[in-house]
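**Q** please find the sequence and the predicted model below.
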Amino acid sequence: MARTVTTRQKALNTTLAWAIGLLIFFPILWTILTSFKTEGQAISDPPIFLFFDWTLENYAIVQERSDYLRFLTNSVIIAVGSTLLGIVVAVPAAWSMAFVPSKRTKDILMWMLSTKMLPAVGVLYPIYLLFIKLGLLDNRWGLVVVLMLINLPIIVWMLYTYFKEIPGEILEAARMDGATLREEILYILTPMAVPGIASTILLNVILAWNEAFWTLNLTAAKAAPLTAFIASYSSPEGLFYAKLSAASTMAIAPILIMGWFSQKQLVRGLTFGAVK
Amino acid sequence: MKYTVRALLGATALCSAAALAHAETLTIATVNNGDMIRMQGLTDDFTAKTGHTVEWVTLEENVLRQRVTTDISTNGGAFDIMTIGMYETPIWGANGWLVPLDDLSEEYNVGDILPAMAGGLSYDGTLYAAPFYGESSMIMYRTDLMEKAGLEMPTAPTWSFIREAAAAMTDRDADINGICLRGKAGWGEGGAFITAMGNSFGAQWFDMDWNATFDGEAWANTLNFFKGMMDESGPAGYATNGFNENLSLFQQGKCGMWIDATVAASFVTNPNDSTVADSVGFALAPDNGLGKRSNWLWAWALAIPAGSQKTDAAKQFIEWATSTSYIELVAANEGWANVPPGARVSLYENPNYKDVPFAQMTLDSILSADPLNATVNEAPYVGVQFAAIPEFAGIATDVSQEFSAAYAGQQTVEEALAKAQALTNDAMEAAGYR
């Protein structure tokens, strides 16, 4: 029997949802507002919310001081490149785990996830030395590989969850019709898992976009992405809050816009299989 | 005639080609602060003079430290010049990680570098980094509030006077705190302040056998005095205040006194940013009658990592950026108040710079700090607000966290000191000092 929801309950739920949404969004809103203040207004006590002389001065200074487009290009290449490479590696891995599981499949999945629990700084020196030997320091493609490896457990796990929802009989039927393994994955499995793959791509692009430890430690001037762009405006000795906010707004704007347009896929992807 | 012209043109082309062949692109890692950003804006002058171009990697101070330490300790060669401080220079110089700056040109005049700076940036008598700017710490105070309190700031005050003045200037109803000091955890934040303050109370980090000395009376006196004074007259939440938080409070007229880096003087006297710009006075950091003041000594300096393949061009850049002609370039573009201070003797002899209100006090503060003899009793280490050993940064960060917890009332001063004593001794034992 369907549960009756009163108008009052609906209004209450809506208000609560909006309040939680605003609370979560508030730090981003505050960053955006601060980016239009002067440094003096940015530190004023009590804080100024909306009523101040809005200025674009910080954006002009950031634009003049930094080559934003270079940082942006690096971020796009590193985030998109590492995610796509991850998908190429993870699709066959997730297929085998979902459709031809062995006794140890669950253990392998847990082991993969456990690598995410390793503190990154613990392997900084080995990876740094490896990068020096391979000539990959301050190189975008080196970072593409590292970020792919870092996010691979998440990609495999997500794809594995989506693939498990697809009936194995369909793949069996394709095999009986003479499909090779490559054709089975490319033409049968992948099209059916498109929503899941799309949300995996979206989530991992966001993760790679925001990754700061490796992108700061393995780059210098050429391959530095937007995380380094933001770090260049932070300072413990001097007031740079308004400029830092302008730089942060410029750094998060592309991913914020992408997230806005793809929110349905993201939510669907993240809640897929949650309720059976 | 025709052949002469052709020959001349050919020679010119060859010279240009030769110059281009030697033109290098230098990658420089630096911190984000006003002086460094100003230098980045003036780099065209260097390129015009030498043909070399520069790529900047600007990072927040702590991120930069981690980044350049990783690179230099692995001989990574990602940077041709690094911005480092007085803490790193002697340690890295001793390890052979830096190119010695012992062949700088005569025109550069190494002898003009302030002796305190040159000493702190050398190892075994060899200069390993050239100071871009230097700083000490001093008292910045509100002359109007001091007058209102019926007191007069001595040029060289004692801690007891400072505590008395702070109490007299405090007006909680008007949101004025008598004194603002760093309490924030971090070896370069509250850790630096309390170490320098401890020097004036007779405290020190280690005895001559590298044992921690937090169980002594001097440290208990230092911390109890600091906490007592800040609880009476400091701002709410001072345990989490660092340089920026106090700068913000002072500029908004909410601090009677602030003891911090001398470079802050140009910020608090700048009428564009500070509401109290016209009523700021300066005095030496306080002492406690034991012969040592509580001011520190620091320099941001430029050094060449041993892994760089462009040492000649890098030296040219360092000579350009830390020269007297660079100071004149900044003065011509931005005024004398904005030139990088604290590095060269000649700056303080320049009549134009003598008009800057905080110039003399900055110099006096720098000259009164001695990194080789910073403590009342003999100590086995060099450094005023730090001990120049590789383990110090990690230990001091942990210790300052314990101190901050005591300031915040999460534990007593005695508990904080006992923990500091234990963790320091453990770390020193693990590192093989004890």
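**A** Yes, it's here. Numbering: from 1, shown residues only, chains lettered A, B, ... in the order given.
**Q** every contact and neighbour count from this point should use C-alpha atoms.
**A** OK.
**Q** of all of the stretch 51-200 of chain B, which residue lies closest to chain A?
**A** The minimum distance from the stretch 51-200 of chain B to chain A, using Cα to the nearest Cα, falls at B:Leu59 (4.3 Å).
**Q** any idea how far that residue lies from B:Ala29?
**A** The gap separating B:Leu59 from B:Ala29 is 8 Å, by Cα to Cα, to the nearest Å.
**Q** how about B:Ala129?
**A** 14 Å.
**Q** of these two, which one has the most company?
**A** Neighbour totals were compared for B:Ala129 and B:Ala29, and B:Ala129 leads with 33 against 25 (other Cα atoms under 10 Å in any protein chain shown).
**Q** ramachandran angles for the residue in the stretch 251-400 of chain B positioned nearest to chain A?
**A** Residue nearest to chain A within the stretch 251-400 of chain B (Cα to the nearest Cα): B:Asp273, separated by 6.0 Å. Main-chain dihedrals, B:Asp273, degrees, to the nearest 10: phi -110, psi -30.
**Q** isn't it up against A:Gln41?
**A** No - using Cα atoms under 8 Å, B:Asp273 is not in contact with A:Gln41, being 9.6 Å away.
**Q** closest approach to chain B from the stretch 151-276 of chain A, which residue is it?
**A** Closest point on the stretch 151-276 of chain A to chain B, by Cα to the nearest Cα, is A:Ser232, at 4.3 Å.
**Q** give me every residue that touches that residue.
**A** B:31-32, B:57-60 (Cα atoms under 8 Å, 6 or more residues apart in numbering or on different chains).
**Q** and with 10 Å instead?
**A** A:66, A:226, A:244, A:247, B:30-33, B:56-61, B:63-64 (Cα atoms under 10 Å, 6 or more residues apart in numbering or on different chains).
**Q** excluding chain neighbours, give the residue nearest to it in space.
**A** B:Leu59 (4.3 Å; Cα to Cα, 6 or more residues apart in numbering or on different chains).
**Q** right, and the one you found touches A:Ser234 too?
**A** Yes - between B:Leu59 and A:Ser234 there is a contact at 7.3 Å, judged by Cα atoms under 10 Å.
**Q** which residues do the two both contact?
**A** B:31-33.
**Q** check those against chain A, which are close?
**A** Counting by Cα under 10 Å from any Cα of the partner chain, B:31-33 from the shared contacts of B:Leu59 and A:Ser234 sit close to chain A.
**Q** among those, which ones are in strands?
**A** Those of these mapping onto strands are B:Val31, per DSSP state E.
**Q** pipe the ones next to chain A among the shared contacts of B:Leu59 and A:Ser234 into a markdown table and attach pLDDT and neighbour count per row.
**A** What follows is these, written out as a markdown table (pLDDT from 0 to 100; neighbours: other Cα atoms under 10 Å in any protein chain shown):
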| residue | pLDDT | neighbour count |
| --- | --- | --- |
| B:Val31 | 91 | 28 |
| B:Asn32 | 88 | 23 |
| B:Asn33 | 86 | 21 |
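**Q** wait, which of the ones next to chain A among the shared contacts of B:Leu59 and A:Ser234 is closest to B:Gly77?
**A** B:Val31 (18.4 Å; Cα to Cα).
**Q** residues of the stretch 101-250 of chain B that sit close to chain A?
**A** With Cα under 10 Å from any Cα as the criterion, the stretch 101-250 of chain B comes near chain A at residues B:188-189, B:242-245, B:247-249.
**Q** in helices only, show me those residues.
**A** B:243-245, B:247-249 (DSSP state H).
**Q** which one of the residues you listed has the most neighbours?
**A** Those, ranked by neighbours (other Cα under 10 Å): first place B:Leu247, 27 neighbours.
**Q** that residue against B:Thr262, yeah?
**A** No - taking Cα under 10 Å as the definition, B:Leu247 is not a contact partner of B:Thr262, at 11.9 Å.
**Q** save the shared contacts of B:Leu59 and A:Ser234 as CSV, and put in distance to A:Leu186 too.
**A** Below are the shared contacts of B:Leu59 and A:Ser234 laid out as CSV (distance: Cα to Cα, whole Å):
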residue, distance to A:Leu186
B:Val31, 50
B:Asn32, 50
B:Asn33, 53
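**Q** find the nearest non-adjacent residue to the residue of the stretch 251-400 of chain B closest to chain A, please.
**A** A:Gly40 (6.0 Å).
**Q** count the neighbours of A:Val5 for me.
**A** Neighbour tally, A:Val5, other Cα under 10 Å: 8.
**Q** please apply the same query to B:Trp258.
**A** 26.
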